[in-house]
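Student: dropping the sequence and predicted coords here.
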Protein chains: 2
Amino acid sequence: MARATIRDVAREAGVSVTTVSHALNGKGTASEATRQRVLAVADRLAYRAHPMARGLRRGRTGVLALDMRPLDAIGSYLPVGVDYFVRFAGAAAVTALDHGLGLMLVPDMTRADVPQAAHGVDGYVIGDPLRDDTVLTRLLSAAVPVVTVGRDPGRPGFTDWVGPDDTVETERMLDLLAARGARDIALLAGTDDNAWNVDSERAYRAWARRRRMPARVLHVPEAAGEEGGLDAARRLLTGKRRRPDAIYCQTGRHAAGVLAEARRLEVAVPGDLLLAAGSDAQQTRLAQPAITALDLAPEETGRAAVELLIARLNGDETPGPVVVPAQLHVRASTAR
Amino acid sequence: MARATIRDVAREAGVSVTTVSHALNGKGTASEATRQRVLAVADRLAYRAHPMARGLRRGRTGVLALDMRPLDAIGSYLPVGVDYFVRFAGAAAVTALDHGLGLMLVPDMTRADVPQAAHGVDGYVIGDPLRDDTVLTRLLSAAVPVVTVGRDPGRPGFTDWVGPDDTVETERMLDLLAARGARDIALLAGTDDNAWNVDSERAYRAWARRRRMPARVLHVPEAAGEEGGLDAARRLLTGKRRRPDAIYCQTGRHAAGVLAEARRLEVAVPGDLLLAAGSDAQQTRLAQPAITALDLAPEETGRAAVELLIARLNGDETPGPVVVPAQLHVRASTAR
DNA sequence: GCTACAGCACAAAACGTTTTAGTAAAAGGT
DNA sequence: ACCTTTTACTAAAACGTTTTGTGCTGTAGC
């Protein structure tokens, strides 16, 4: 048996399809009696408006797209950690659903072949855009509503983004390390040209200058993971230059690598070296000792991103960005 | 400027919309010259068929839904590990895209409120169905094409699933443990009533009977995570009954908990106790010592699930299931 | 008794496609 | 020369909604 259409409901209730549509959407001027009758019939027939038909007419799909760039680089890396994505996507999907919308995964808009359905969505959430992000450019020029997670470093005028205040969070972490006795903190940043890396490094340098502390920054590709952290740690801990007394890694995986290498070199953490990470991950929680880290609040961020996007779709122009504060998990790796 | 419609292309190319549609879809009998002209114009106008309009007419959405039940229980648990989901969803999304389809995240179909767009998808992928799964029942009765990851233990007739042969994989792991000297292997299973738990436990008991070894099964909720593994390990390692010389945990998180507790109790792994996990996760890879585990091949599985679903959508009735072999990662926790 | 207006319901148009059912001209067969 | 088939193309119907515009009825105001 095929699904019931609005015509079935109209026939059964003895009214026109217009009236059914109005009754169901609370639009027209129908008498309370008719409205109730229609509602009852619709309920009995388990009628739901065909999403395509409604979408076609309304010009709205009822679907949002989520483009976390790393998704297509399966198996390689996720900058902020693998569980970040799950928690983010989950919260985003639930939030969308709460508004009656679906959330579609779009691996990569830059691919040559055409993502059929991807062109029909109402709006986009783009995770961690790179400087002058190509996908963002394309969407903006097509006037598609879009919200990013973290700002585009090359697009200061674009404020429809959601995320942490990287400057504040970086300073918070550095202050903690300083309070725990660190006087020479090295920064291990990623190589992706996104706001997270850019703003954190800037904040780090400014902070060091203010405190008259040395600034040393190593860039390690996010994709290098633990291995990358290992290598960097070897350079920092065995090089000619004086050993830093603290290392702040942007990613949890790098931090885990640093910790492993420190153990191998018999540099005690936290005794000889304080260690902290700019994003929480299973690696930081499970490490021995556990690594102090910033929890970037993926659920909060996912929810905020979808809600900002929906606000835009509804014509709400409340200006962005939406800053989602991170939470600082102080763990054994920075014990005094 | 609004997006180009088929009418624009028709006008510009000096033909009817029918001809445009035919030329673009390779359907009718158009002369090669006309076809080329239409194609050129369509390309110049960057025309793409409006997904909704096409979907409405064709009765196809171009979107598949992915319902991994745990998604709505954010922050609580994912049975097979958090990175399994990302890799699975990523591969599934890419595969769908390769076929011109989108992949929509649907947190939970059992929710009371109506997932608007969720009713318009062409087919469903359901992760790890429980016995007589309610979502599965509803979809099947609505004649919606659906593929599950792992079978529904209460529905032996339903063969449209993709996943490992749990019996074979369990035996493989137990054989390994036995070969490494284990004579008393305990099983730490989950409590979810899905095929993975059911079939693995059955295989374990049969194997133990054949080998005339004792069988001991502890059930720990998947959601209990490392904590659950900790508790179970305490019971197994300090109880009155003789200590097992190997523990096989279904989930990687449980295994990580067992390992932590073993260390606390000064039970050496692998010296005094062999440890293995039925699913690979960051916990198993990063643990010290690293834990031997079955890699359930999430990418393979995600791809296979989407491809089986698409085959069904296209009327291909090649019978299921599609067995995806797991890969056994032998690590330090089972060294001789 | 006429006008104005609110209340209620509906027919028809529109959304952008694909598919069906054609038509006219050209080609082929006798 | 006539019928049939093929080729090349098209108008219109259909998909299932929402929205626009219109008509009818009854009541209030004068």
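Tutor: Received, thanks. Numbering: from 1, shown residues only, chains lettered A, B, ... in the order given.
Student: hey, where'd the strands end up in the stretch 151-300 of chain A?
Tutor: Applying DSSP state E, counting those that start in this stretch to the stretch 151-300 of chain A gives strands spanning A:161-163, A:185-189, A:216-219, A:246-249, A:274-277, A:292-295.
Student: so for DNA strand C, which of those sits nearest?
Tutor: strand A:161-163 (30.0 Å; Cβ to the nearest atom of the strand). In short, each C-beta sits where N, CA and C put it, glycine included.
Student: hang on, A:Asn194 packs against A:Asp128?
Tutor: Yes. Using Cβ atoms under 8 Å, A:Asn194 is in contact with A:Asp128, at 4.9 Å.
Student: which residues of the stretch 151-300 of chain A lie near chain B?
Tutor: Neighbours of chain B within the stretch 151-300 of chain A, by Cβ under 8 Å from any Cβ of the partner chain: A:226, A:256, A:282-283, A:286-288, A:299.
Student: now with 10 Å?
Tutor: Selection of the stretch 151-300 of chain A residues close to chain B by Cβ under 10 Å from any Cβ of the partner chain yields A:226, A:253, A:256, A:260, A:263, A:281-283, A:285-288, A:298-299.
Student: DNA strand D contacts on chain A?
Tutor: Residues of chain A found near DNA strand D (Cβ under 7 Å from any atom of the strand) are A:2, A:4-7, A:17-18, A:21-22, A:24-25, A:27-28, A:47-50, A:53-54, A:56-58.
Student: rerun that using 10 Å as the cut-off
Tutor: With Cβ under 10 Å from any atom of the strand as the criterion, chain A comes near DNA strand D at residues A:2-10, A:16-29, A:42, A:47-60.
Student: residues in contact with the residue in the stretch 201-336 of chain A positioned nearest to DNA strand D?
Tutor: Residue nearest to DNA strand D within the stretch 201-336 of chain A (Cβ to the nearest atom of the strand): A:Asn314, separated by 13.4 Å. Applying Cβ atoms under 10 Å, 6 or more residues apart in numbering or on different chains, one finds that A:Asn314 lies in contact with A:99, A:145.
Student: what distance separates the start and the end of stretch A:49-65?
Tutor: One end of stretch A:49-65 sits 22 Å from the other (Cα to Cα, to the nearest Å).
Student: quick one: average confidence on it?
Tutor: For stretch A:49-65, mean pLDDT is 89.
Student: likewise for stretch A:247-264?
Tutor: On average, stretch A:247-264 scores 94.
Student: also stretch A:90-102?
Tutor: 86.
Student: for A:Tyr84, which non-adjacent residue is closest in space?
Tutor: Distance criterion Cβ to Cβ, 6 or more residues apart in numbering or on different chains; nearest residue to A:Tyr84, sequence neighbours excluded, is A:Pro298 at 4.8 Å.
Student: that neighbour touches A:Val86, doesn't it?
Tutor: Yes. Because the distance of 8.1 Å satisfies Cβ atoms under 10 Å, A:Pro298 is recorded as touching A:Val86.
Student: in stretch A:147-156, what's buried?
Tutor: A:147-155 (16 or more other Cβ atoms under 10 Å in any protein chain shown).
Student: out of the residues you listed, which is nearest to DNA strand D?
Tutor: The closest of those to DNA strand D turns out to be A:Val147 (Cβ to the nearest atom of the strand; 24.0 Å).
Student: what is the least confident helix or strand in chain A?
Tutor: helix A:282-286 (a mean of 80; mean pLDDT, DSSP states H and E).
Student: so which of the strands of the stretch 151-300 of chain A comes closest to B:Arg180?
Tutor: strand A:274-277 (35.1 Å; Cβ to Cβ).
Student: tabulate the CA atom coordinates of the closest one in CSV.
Tutor: The C-alpha trace of strand A:274-277 is given here as CSV (Å, rounded to 0.1, in the frame of the first residue of the first chain):
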residue,chain,number,x,y,z
LEU,A,274,55.2,19.8,32.0
LEU,A,275,53.0,18.7,29.1
ALA,A,276,49.7,20.0,27.9
ALA,A,277,47.4,19.7,24.9
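Student: strand partners (parallel or antiparallel) of it?
Tutor: strand A:246-249 (parallel), strand A:292-295 (parallel) (DSSP bridges).
Student: how about the ones you listed in a markdown table, adding distance to DNA strand C and mean neighbour count?
Tutor: Rendered in a markdown table, the data for the strands paired with strand A:274-277 read as follows (distance: least, Cβ to the nearest atom of the strand, whole Å; neighbours: other Cβ atoms under 10 Å in any protein chain shown):
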| stretch | distance to DNA strand C | mean neighbour count |
| --- | --- | --- |
| strand A:246-249 | 49 | 29 |
| strand A:292-295 | 45 | 25 |
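Student: A:Gly102 is nearest to which of those strands?
Tutor: Checking these against A:Gly102 by Cβ to Cβ gives strand A:292-295 as the closest, at 27.9 Å.
Student: got the contact list for the residue of the stretch 51-200 of chain A found nearest DNA strand C?
Tutor: Residue nearest to DNA strand C within the stretch 51-200 of chain A: A:Arg57 (3.6 Å; Cβ to the nearest atom of the strand). For A:Arg57, the contact set (Cβ under 10 Å, 6+ apart) comprises A:21, A:49, B:52, B:56.
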